[in-house]
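Asker: have a look; sequence and predicted model below, questions after that.
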Amino acid sequence: MCGIAGLIHRNGSSNIGREMTDMLRALKHRGPDSTGFAIYGEPEKGEYVLRFKVAEQEELALGHHIHAEIADRRAKVDALLKEMGVNVTELADATEYAFRYQIVFDGDLKKLADRIEDIEGAEILSIGNALELIKDLGDANVVSDQYGLGDFIGTHGIGHTRMATESDVDIRSAHPYWAYPYNDIAVVHNGQITNYWLMRRELERAGQRFVSDCDSELLAVYTAANLEKGISLEDSLTKSIGEIDGVFTYLVATKDELGMAKDTMAAKPMVLYETDDLVALASEEVSIRAIVPHEIDTYDPYDEEVRVWRA
């Protein structure tokens with residue numbers, strides 16, 4: 001079933017971490033297995049935030065040796081960053097297995113991402129000037145508290161509560177998906193893509209890389225490939241309705257935009273609330289009411305509807 005939510009402030013920043021936590025907490029019944037956030041802060045010129053993990057949560061139960069293995073994997077990442085000339089200006093341990101590094105790097109992001117993920121157990125969650133992608137097992141409160149998101153100030157974000165149906169309950173299969181290896185693009189999705197393997201092979205032949213077998217990642221890679229060609233976000237969303245088969249509603253965020261698209265059958269729900277200052281979208285109205293408690297008028301987007309808002 002799953003639940004998705006998005007939020008964008010059009011006139012400045014807000015406590016986007018707390019707002020997204022409240023929205024996703026209200027959707028817990030749609031997906032209790034994992035929760036994910038893609039939240040966008042104020043970008044610092046020339047700096048990136050690198051979010052990565054070196055283990056899955058369940059690996060911690062394998063015994064004492066795994067803790068040494070996790071430490072070794074992180075040490076290998078640190079050594080690689082030094083080798084590639086990456087300047088780590090700030091670092092934080094979100095958990096024993098997941099980390100946040102603020103870095104300065106003027107090289108090839110794809111090469112950096114490829115080299116990091118060549119290290120056994122290492123997986124990049126996101127690299128962004130504005131984007132920080134956080135996902136883990138548990139509900140919104142658990143993940144938000146674990147990663148300290150309650151004080152995150154930013155302009156917009158998207159999030160997902162997942163009920164696992166066709167893939168494992170692990171961080172790799174959780175949403176959102178970063179559009180590897182592109183800066184600041186993330187996607188959340190509710191639905192099923194029936195031509196996933198056909199489109200994935202086409203994108204792989206064009207040089208794109210996938211890090212999971214989840215059909216939702218296709219939307220992230222597809223969007224990034226279009227934007228790299230100079231296609232606008234709105235045109236990419238419109239194009240996807242004709243090229244992607246299945247039932248889907250999805251949200252895309254970039255460093256300064258939030259977009260949505262629904263398929264031709266519009267089988268997957270989406271509710272929209274919009275004012276001059278704020279746009280909020282979610283699978284259910286209860287999620288929007290979690291942050292806008294006064295009386296509100298909401299709107300259900302139509303089939304094949306595409307919308308894009310700018311921060």
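Answerer: That came in fine, so what should we check first? Numbers count the residues shown, from 1 in each chain.

Asker: excluding chain neighbours, what is closest to residue 81?
Answerer: residue 88 (6.2 Å; Cβ to Cβ, 6 or more residues apart in numbering). The way it works is simple: take the backbone N, C-alpha and C, and place the C-beta from them, glycine included.

Asker: and that neighbour, what does it touch?
Answerer: Applying Cβ atoms under 8 Å, 6 or more residues apart in numbering, we find residue 88 in contact with 78, 81, 101, 102, 103.

Asker: now distance to residue 308 and neighbour count too, for these, in TSV please.
Answerer: Converted to TSV, the contacts of residue 88 look like this (distance: Cβ to Cβ, whole Å; neighbours: other Cβ atoms under 10 Å):
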residue	distance to residue 308	neighbour count
78	39	15
81	35	19
101	31	19
102	29	15
103	30	18
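
Asker: roughly how far does the residue nearest to residue 81 sit from residue 101?
Answerer: 5 Å (Cβ to Cβ, to the nearest Å).

Asker: residues shared between the contacts of those two?
Answerer: With Cβ under 8 Å, 6+ apart as the test, residue 88 and residue 101 both reach residue 81.

Asker: partner strands of the helix or strand hosting the residue nearest to residue 81 and their direction?
Answerer: In this assignment (DSSP states H and E), residue 88 forms part of strand 87-93. Partners of strand 87-93 in the sheet, by DSSP bridges, are strand 98-104 (antiparallel).

Asker: what's the offset of the strand it pairs with from the middle of its chain?
Answerer: 16 Å (Cα atoms, centre = their mean, to the nearest Å).

Asker: cool, and stretch 260-274?
Answerer: When distances are taken as Cα atoms, centre = their mean, stretch 260-274 is centred 19 Å away from the chain's centroid.

Asker: show the subsequent helix or strand relative to the helix or strand residue 187 falls within.
Answerer: Here residue 187 sits within strand 186-193, counting by DSSP H and E. Following strand 186-193 in sequence order, the next helix or strand is helix 196-205 (DSSP H and E).

Asker: average pLDDT for that next one?
Answerer: Across helix 196-205, the average pLDDT comes to 95.

Asker: next structured bit after it?
Answerer: Note on helix 196-205: by DSSP H and E, the next helix or strand toward the C-terminus is helix 215-228.

Asker: next, residue 269: secondary structure please.
Answerer: Classification of residue 269 using DSSP: H, G, I helix; E, B strand; the rest coil returns coil.
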